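Visitor: Provided below are the primary sequence and the corresponding predicted coordinates.
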Amino acid sequence: MGVLRFPNPGSDLNRFLQTFSIIYKELKGRTNFSHDDSRDAAIKHGLVSSSGAIGEEAVKRSTRVDRSLDPLYNQLKMYSELYRMLGWLKPGTKNTNFNFTELSQYVAESAVDVQFKIFEECLISIVFPNPLVENKSGNESRPFPIILKVAGALHKVLFRDEIIVGIYPLLSDRSSDTIDKIVKVLSKLRGDSKKLLMSKKQLSKSSGIEETTLENYTRFPLGLIKGLGWFEAVPVKDVFEKSVKGYVMQSKGEKKLNLLSSMVDVRNEDIKDFTIEIRGAFTLLSHYIFLERCGFDITAYQSVIKDLTIMSKPILEKCNIDDVRKIFYSPSQQGENEEIEMANEIEKNMMNEKTNP
C-alpha cells in the first residue's frame, strides 16, 4: 500500500524559508549543485549544526564514509526533497544534484510577507506525481487541499492519526466523491480512539512502515498548517472518549478552503495530449495567474494574458474553465521541461512584439 511521505528536516517555517534564501543567495548562477554545496551555504550562515558544533567543525563531526549515515547530508537531502515538492528546485544531470527553477528567485528575493504568500500557494499546489520528485508511493493526490476539505467536512477539526489513516494512503483523489469517502471512513472511527489506533496499526502492517515513522511523516505538514495560521493545535473534547490534541481550522484556513472551492484543479495529465504550443501558452498563462494569487501585480500583462487565453482555449474548454483566475495549476511544480521552454519562448516573442510593434 502506498503512503505519502514527507521528510522532516524541522517544522519551523521561518527557518525553512530562511535556509532556502541563503542557499539561493550563495549558489544562484550555479548549475548542478549538490547536497554538500547546500550544506556549506547553510553552515556558512550558522543555519545547521551537528553533534553540538557549528561551522567546519560541524561538517567534520557529521561526515561519514557512508553518506546515508551523515546527519548534515541527510538534513539537506530532506530540505531538497521538500524544496522540489514546492517547485523551487529541479533535478540536475544526476539524482543527487539540482538547479533552481524560475520560481526560486521570487521566493528567495521577496520580502518576508510575500515569501509567506508564495509558500502558501506552493503548499496547496504540491501534487503527486510530478516531474521534480520521485513518487515511490505511487499516490496521485494534492494532500494539502484534501486536508482542508476533509477538516471542513468534519466540523473543522482533524487529528494527526486521521491524516495518517485517511489521507496518506489515498491512491487517487481524482474522483468527485473522494472527500465523501474519506469523511465516511473517519466518521466511523470517531468516538473510539482504540479503533483509530487499530486502524493506524493495520496501515503500519500493510505498508511495512513503523507507526512512529508514519507519525514523523506528519510533523512537517502539521507544523506548516499551524505556521500559516490555517489550524490551531488545541486539546479537543467530545470527539473521542477523552480529550485529544486536535487541529482546529481557523479563519485563514476557511478562507483558503473557500478559495479552493472556486478553483479548477488541473493536472499535467489533463493537458499532455495537446500540442506543445497550446501547452506552452497554458503554462505561461498559469504562471501569471499563480503569481497574481501570490500578491504580484500583473496589470501590465493584461494584453498578454488575453492573447494567452485565446491560445489556451482548447485546454480551458476541456477543463471547463470559464475564468482564467480559476486555474489551479502551478507550472513550476507540474510542468514538463519542454512546456516550460515553450512558455519562455512564447513570452520572449510576445515581449519583443510589445517593444517592437
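Guide: That came in fine, so what should we check first? Numbers count the residues shown, from 1 in each chain.

Visitor: make sure residue 265 is actually in contact with residue 142.
Guide: Yes. With contact defined as C-beta atoms under 8 Å, residue 265 reaches residue 142; the gap is 6.9 Å. C-betas here are computed from N, CA, C, even on glycine.

Visitor: ok, those two, which is more surrounded?
Guide: Neighbours per residue (other C-beta atoms under 10 Å) separate residue 265 from residue 142, with residue 142 holding more: 20 against 17.

Visitor: now the more buried one: how far from residue 254?
Guide: Relative to residue 254, residue 142 is positioned 18 Å away (criterion: C-beta to C-beta, to the nearest Å).

Visitor: quick one: contacts of the helix or strand encompassing residue 314?
Guide: Here residue 314 sits within helix 313-318, counting by DSSP states H and E. Residues lying outside helix 313-318 but in contact with it, judged by C-beta atoms under 8 Å, 6 or more residues apart in numbering, are 266, 270, 271, 274, 278, 279, 282, 309, 321, 322, 324.

Visitor: would you mind writing the CA trace of that helix as CSV?
Guide: Coordinates of each C-alpha in helix 313-318 appear next as CSV, following Å, rounded to 0.1, in the frame of the first residue of the first chain:
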residue,chain,number,x,y,z
LYS,A,313,-8.7,27.9,-25.4
PRO,A,314,-8.6,24.2,-26.2
ILE,A,315,-7.3,23.3,-22.7
LEU,A,316,-9.6,25.8,-21.0
GLU,A,317,-12.6,24.3,-22.7
LYS,A,318,-11.6,20.8,-21.9
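
Visitor: what about it, distance to the chain center?
Guide: The offset between the C-alpha centroid of helix 313-318 and the centroid of the whole chain comes to 26 Å, using C-alpha atoms, centre = their mean, to the nearest Å.

Visitor: let me see the mean pLDDT of that helix.
Guide: If you average the pLDDT over helix 313-318, you get 98.

Visitor: same question for stretch 283-292.
Guide: Computed over stretch 283-292, the average pLDDT equals 97.

Visitor: following the helix holding residue 314, which helix or strand shows up next?
Guide: strand 327-328.

Visitor: which residues touch that following strand?
Guide: Looking at strand 327-328 with C-beta under 8 Å, 6+ apart, the contacting residues turn out to be 125, 260, 263, 264, 265, 266, 285, 286, 289, 321.

Visitor: between all of the residues you listed, which two are separated the most?
Guide: Largest separation among those by C-beta to C-beta: 260 and 285, giving 19.5 Å.

Visitor: and the two? Which one has more around it.
Guide: Neighbours were counted for residue 260 and for residue 285 using other C-beta under 10 Å; residue 285 has more, 27 against 17.

Visitor: that one: which element?
Guide: Applying DSSP H and E, one finds residue 285 within helix 276-293.

Visitor: does the residue nearest in space to the middle of the chain sit in a helix, a strand or a coil?
Guide: When the chain is reduced to its mean C-alpha position, the nearest residue by C-alpha atoms, centre = their mean turns out to be residue 126, at 3.1 Å. When states are read from DSSP: H, G, I helix; E, B strand; the rest coil, the local structure at residue 126 comes out as coil.

Visitor: got the contact list for the residue nearest to it when sequence neighbours are not counted?
Guide: In space, not counting the residues next to it along the chain, residue 126 is nearest to residue 85; the distance is 5.0 Å by C-beta to C-beta, 6 or more residues apart in numbering. By C-beta under 8 Å, 6+ apart, the contact list for residue 85 reads 126, 130, 132, 133, 333.

Visitor: farthest pair within those residues?
Guide: Taking C-beta to C-beta as the measure, these span a maximum distance of 10.3 Å, between 126 and 132.

Visitor: overlap in contacts, the two.
Guide: Here residue 126 and residue 132 have 85, 333 as joint contacts, going by C-beta under 8 Å, 6+ apart.

Visitor: how about the CA coordinates for stretch 172-184, as PDB?
Guide: What follows is stretch 172-184, C-alpha atoms only, in PDB (Å, rounded to 0.1, in the frame of the first residue of the first chain):
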ATOM      1  CA  SER A 172      -6.000   8.900  -6.100                       C
ATOM      2  CA  ASP A 173      -8.100  12.000  -5.300                       C
ATOM      3  CA  ARG A 174      -9.400  12.500  -8.800                       C
ATOM      4  CA  SER A 175     -12.900  11.000  -8.100                       C
ATOM      5  CA  SER A 176     -15.600  13.500  -7.300                       C
ATOM      6  CA  ASP A 177     -16.600  11.500  -4.200                       C
ATOM      7  CA  THR A 178     -13.100  11.300  -2.800                       C
ATOM      8  CA  ILE A 179     -13.700  13.600   0.200                       C
ATOM      9  CA  ASP A 180     -17.100  11.900   1.000                       C
ATOM     10  CA  LYS A 181     -15.400   8.500   1.100                       C
ATOM     11  CA  ILE A 182     -12.600   9.700   3.500                       C
ATOM     12  CA  VAL A 183     -15.100  11.500   5.700                       C
ATOM     13  CA  LYS A 184     -17.200   8.400   5.900                       C
END
